[in-house]
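Participant: Take a look and give me a structure for this.
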Amino acid sequence: MKIRVLLLFLITFSISLNAQKHKLSGTVIDDLNFYPLTNATVTIARTSDSLLIGFDRVSINGRFILDGLDTGRYDLYVSYPDYLGYIGDVIINTDKNDILLDTIFMIKNSRMLDEVTILDGSKIKFKGDTIQFIADSFKVGSNANVEDLLKKLSGLQVNSKGEITAFGEKVEKVFVDGEEFFGDDPTIATRNIQAKAIDKVQVFDKTSQMEELTGIADGEKFKAINLTLKEEYKKGYFGKVSAGVGKDPTYYDESLLLQAYSGKSKLSLYGILSNTGTTGLNFDDMNKYMGNQGNMSMSDDGGMNFFFSDEDDFDWDGRYNGQGLPSSLSLGTSFSTKLAKDKVRINVNYGYSNLKLKKESSVSRTNFLPENRFNSDENEVSSNDVVNNSAKVKLEFDIDSLTTLTINSSGSLKDINNFKDIRSENIGLDSTRLSQIERNLDSEGEKNSINSTFSLIRKFKKKKRLLTLNGGYNFSEEAGLVLLKSFNQFYLEGKEQKQDQRLNRNITNSSLNSRLSYTEPLGDKWTTQVNYYYNINKNLSNKLTHEFDELSQDYTRSIDSLSNIFNYRVQTNGGGLVFALKNEKYNFRFGTNAESSIYLRENKVDSMIVNDQAFIWLPSASFNYKFSRTSNFRFSYNGNTKQPSISQIQPIRDNSDPLNQVKGNPDLAQSYSQNFNVSYNIWKAISSMSIWTYANFGNTFNQIVSNNVIDISGRNISSFVNADGGYYGYTGLNFDKEITKLVSIGVGLDGNLNRSISFVNNQKSAVLSASISPDVRIELEKDDVFDFNIRYSPSFSNSSGGLVQESGNYITHHFASSFRYEITKSIKFSTEINYDIQPARSSFSEKFTQALWNADIEYKIGKGENFILKCAVNDILDQNRGYRRNVSSNFTEESTYNTIRRYVFLSLIYNIKSKV
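Facilitator: Coordinates of the predicted model:
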């Protein structure tokens with residue numbers, strides 16, 4: 001009996017031991033012809049000590065199996081005669097016993113000069129579609145930051161603003177260990193984390209969670225970089241402290257960034273106190289605001305800007321664009337951890353900021369009318385003060401092995417105080433004064449918001465079968481008051497007007513959205529997805545204006561023409577069907593949504609209710625072809641609708657600027673836009689060459705454009721109407737090549753085309769604007785000793801049509817150069833200059849030139865060189881005068897403004913690293 005019990009115990013113990021082991025399998029094939037590489041050698045070694053753990057040869061069908069593996073991290077090696085070797089990372093941390101790797105593609109040596117999978121196993125690797133650089137393989141200075149490291153990597157460029165380009169595409173986000181690092185500003189990571197803390201730099205196309213799970217491309221894709229930290233930097237803490245002060249006048253810039261690790265938990269802290277233009281951590285790309293599709297203006301550098309003339313005294317949110325003198329205090333913290341055997345993942349962020357801006361500006365404008373023209377001058381002194389508290393929580397919960405719930409919640413409390421003192425006048429061509437306005441605006445208010453989303457994903461045992469439920473609720477409220485005091489003189493009308501008014505405004509917006517999707521694989525390559533969505537958006541705008549009453553000494557007299565309560569609701573139901581085909585070389589997706597929308601517009605003042613309904617098809621398609629792992633072609637098409645905002649439809653005048661008043665149009669319809677995009681890129685690591693070319697075209701039906709009515713005093717009453725005929729297009733080509741180890745060159749070409757529509761005094765104005773901007777770059781670099789680059793970027797522009805009769809083409813020039821030299825191991829000198837030339841032309845009689853030259857020298861202190869003493873001079877030639885030109889469809893203007901000019905700056909930097 002005892003023997004039986006002992007045997008039973010041994011058998012049970014043996015089974016238990018075997019159950020803890022893992023089996024790893026995969027397939028090895030030729031990258032070009034896809035045939036199996038029979039008898040290829042596959043070995044696996046433990047990463048920690050390089051101990052060989054397993055060995056196998058690839059079978060006749062291309063398969064290999066490695067079993068008896070414990071959880072942990074391994075290096076996988078594959079070799080085959082006349083092929084480049086493969087080295088990959090394998091991490092086993094799953095409860096599954098059988099693990100299937102992605103297919104391993106091998107490239108022949110004879111093709112290595114054309115298509116490289118692994119340039120050097122110790123430097124560059126491929127993991128799927130991710131290009132991975134081993135950080136220690138690239139030599140940088142002992143106190144270099146991540147930005148310095150990125151500049152050393154083939155195919156990556158970093159400009160003076162910290163913007164990163166990877167293989168010709170702009171990098172939108174930088175992650176640290178797979179997590180966002182203080183929002184959308186990549187420089188917080190790249191300029192504050194030391195290069196020596198980085199283990200790997202991974203460059204990849206970030207797709208949506210749905211695409212990652214289903215393989216169906218949905219267009220939500222952007223270039224991203226993930227920085228993985230070395231294990232020793234995931235223990236203890238590291239960071240950076242910087243303090244600096246400058247004179248003539250007094251400038252200051254202090255910052256702190258600290259990151260601490262404890263087990264699976266991470267805590268990050270940051271602080272910024274500055275008046276040098278460092279206003280915070282979240283610098284959104286201004287191109288995001290080009291979707292307003294209002295009037296179009298072209299600056300003298302060939303850039304195209306879209307804008308509405310609707311002025312909002314609550315709009316400034318702390319972004320600094322170089323105009324005025326800023327000061328900022330920003331504090332924040334981020335905490336993340338994993339619980340319950342990593343099934344629960346939590347990330348919490350909090351931020352506080354106090355941002356201030358003092359600005360003085362002057363604008364001279366020539367306004368064009370169908371019959372004549374007149375001039376305007378405006379001088380403004382303003383101050384802005386924004387205090388913001390924001391928080392964000394992300395929770396990911398693996399309910400079971402097939403079900404995941406993700407919840408994102410965020411909120412912000414914002415206090416805003418703005419003041420403007422403005423003097424403006426309109427003058428006829430014969431120097432006759434048409435009108436003059438002296439006014440000041442004093443506004444204070446709050447903007448509060450809550451946003452919450454959830455995603456419930458249910459996988460099934462059948463691969464790619466998926467059921468998802470997404471939903472969200474958003475609420476925002478804006479409440480405040482504006483005091484307007486003005487003295488208005490309209491000389492041709494013989495009128496004088498004094499205004500002393502108070503506007504009380506309360507605007508709320510709430511939205512509820514939901515989407516249910518089901519994905520079903522149709523064989524090995526085809527997949528289909530069906531979805532249904534329901535959205536409802538509610539807006540309520542309450543604007544009440546009162547005039548100051550001398551008797552009561554208060555704002556008690558209601559002004560009905562400037563008061564209104566408006567309710568706007570949009571309810572949308574939609575559903576769609578998508579088919580997708582995906583294999584190793586290409587993927588193709590096509591589908592459509594059918595969408596029905598119901599609109600309710602209620603003017604509560606006159607009890608008028610308008611109900612509308614619209615039905616529309618929203619087709620979409622995309623095609624991606626992968627010539628190799630470093631070369632692909634992409635095409636996409638999509639259609640979408642855009643609803644008018646409540647400020648565009650509420651029938652009330654905004655008279656905060658008596659010479660430029662804006663009124664909503666309650667009869668506006670939704671617009672429909674379609675967009676075509678095509679791109680091609682190739683990167684060759686051995687020759688350090690990359691090419692990226694792209695083209696985009698879009699047009700809009702029922703586009704919401706401005707309708708301006710200008711009277712004899714130059715007073716503009718602007719509203720909004722729907723119009724067809726607007727379109728845009730842009731294209732570009734970027735080529736970078738390393739000629740020798742010392743010299744690299746780059747050539748680029750960008751082109752823009754835009755047809756904008758507007759109305760002036762009931763006359764339609766269609767402006768066709770075009771620009772071509774070539775770009776030539778040369779860079780000389782020798783290890784970490786020195787680097788020098790020079791760049792020339794002219795821009796050729798033309799505008800035709802509209803009311804502005806701008807004659808012929810015009811050209812601007814931009815030169816840029818930078819130089820860095822390691823004088824000794826402890827001393828580094830850097831300098832950069834940007835030189836702009838804007839020639840005289842018919843609208844601007846004088847030529848404008850400006851040279852912005854900065855320089856600094858660093859001295860590393862101490863044995864560990866953790867201290868850096870830095871002396872910098874900003875705008876050495878004192879030429880940052882604050883100047884800009886614009887040409888629009890119905891005006892040309894020159895503006896000047898105060899800005900940060902020359903100063904000398906001394907700072908001390910300390911790089912923190914705990915001993916582990």
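Participant: residues touching residue 844, list them.
Facilitator: 300, 838, 885, 892, 894 (C-beta atoms under 8 Å, 6 or more residues apart in numbering). C-beta: built from backbone N, CA, C; applies to glycine.
Participant: and the last one, helix, strand or coil?
Facilitator: Secondary structure for residue 894, judged by DSSP: H, G, I helix; E, B strand; the rest coil, is strand.
Participant: Can you name the residues that contact it?
Facilitator: Residue 894 touches 363, 364, 365, 844, 883, 884, 885, counting by C-beta under 8 Å, 6+ apart.
Participant: three-state assignment of the spatially closest residue to residue 339 that is not a sequence neighbour?
Facilitator: In space, and not counting its chain neighbours, residue 339 is closest to residue 346: 7.1 Å by C-beta to C-beta, 6 or more residues apart in numbering. Following three-state DSSP, the label given to residue 346 is strand.
Participant: What is the burial count for residue 346?
Facilitator: 15 (other C-beta atoms under 10 Å).
Participant: circling back to that earlier point, drop anything exposed from the contacts of residue 894.
Facilitator: Buried members of the contacts of residue 894, counted by 16 or more other C-beta atoms under 10 Å: 363, 365, 844, 884, 885.
Participant: from memory the fourth one sits against residue 899, does it?
Facilitator: This means residue 884. No. Checked against C-beta atoms under 8 Å, the pair residue 884 and residue 899 is beyond contact range at 10.7 Å.
Participant: Just the closest of the contacts of residue 844 to residue 627, please.
Facilitator: Nearest to residue 627, judged by C-beta to C-beta, of these is residue 300 at 40.2 Å.
Participant: ok, back up a step: quick one, which of the contacts of residue 894 has the minimum pLDDT?
Facilitator: Lowest pLDDT of those: residue 844, 82.
Participant: From residue 750, how far off is that one?
Facilitator: Counting by C-beta to C-beta, to the nearest Å, the gap from residue 844 to residue 750 is 23 Å.
Participant: what's the weakest-modelled helix or strand in the chain?
Facilitator: strand 304-307 (a mean of 28; mean pLDDT, DSSP states H and E).
Participant: Just flag the most distant two among the contacts of residue 844.
Facilitator: Maximum distance among the contacts of residue 844 (C-beta to C-beta): 13.0 Å, for 838 and 892.
Participant: what is in contact with those two at once?
Facilitator: 844, 885.
Participant: Show me the protein divided up by domain.
Facilitator: 113-234, 281-307+731-899 (automatic domain parsing).
Participant: Residue 715 and residue 490 touch, don't they?
Facilitator: Yes. Residue 715 lies in contact with residue 490 (C-beta under 8 Å); the separation is 7.4 Å.
Participant: on that earlier part again, which among the buried ones among the contacts of residue 894 gets closest to residue 106?
Facilitator: residue 884 (55.4 Å).
Participant: Name the nearest residue to that closest one, sequence neighbours excluded.
Facilitator: residue 895 (5.0 Å).
Participant: Could you pull up the residues touching the one you found?
Facilitator: 361, 362, 363, 364, 883, 884, 885, 886.
Participant: List the ones among those that fall in helices.
Facilitator: Among those, none falls in helices (DSSP state H).
Participant: Throw these into a markdown table and include distance to residue 56, thanks.
Facilitator: Shown next, in a markdown table, are the contacts of residue 895 (distance: C-beta to C-beta, whole Å):
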| residue | distance to residue 56 |
| --- | --- |
| 361 | 72 |
| 362 | 76 |
| 363 | 74 |
| 364 | 78 |
| 883 | 69 |
| 884 | 66 |
| 885 | 69 |
| 886 | 68 |
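Participant: Which ones among these map onto strands?
Facilitator: In strands, judged by DSSP state E, the following of the contacts of residue 895 are found: 361, 362, 363, 364, 883, 884, 885, 886.
Participant: can you tell me which of those lies nearest to residue 762?
Facilitator: residue 886 (24.3 Å).
Participant: Give me the helices and strands touching the host helix or strand of residue 174, please.
Facilitator: Following DSSP states H and E, one finds residue 174 within strand 169-176. Applying 3 or more C-beta pairs under 8 Å, 6 or more residues apart in numbering; DSSP states H and E, we find strand 169-176 packed against strand 164-166, helix 187-190, strand 198-207, strand 221-229.
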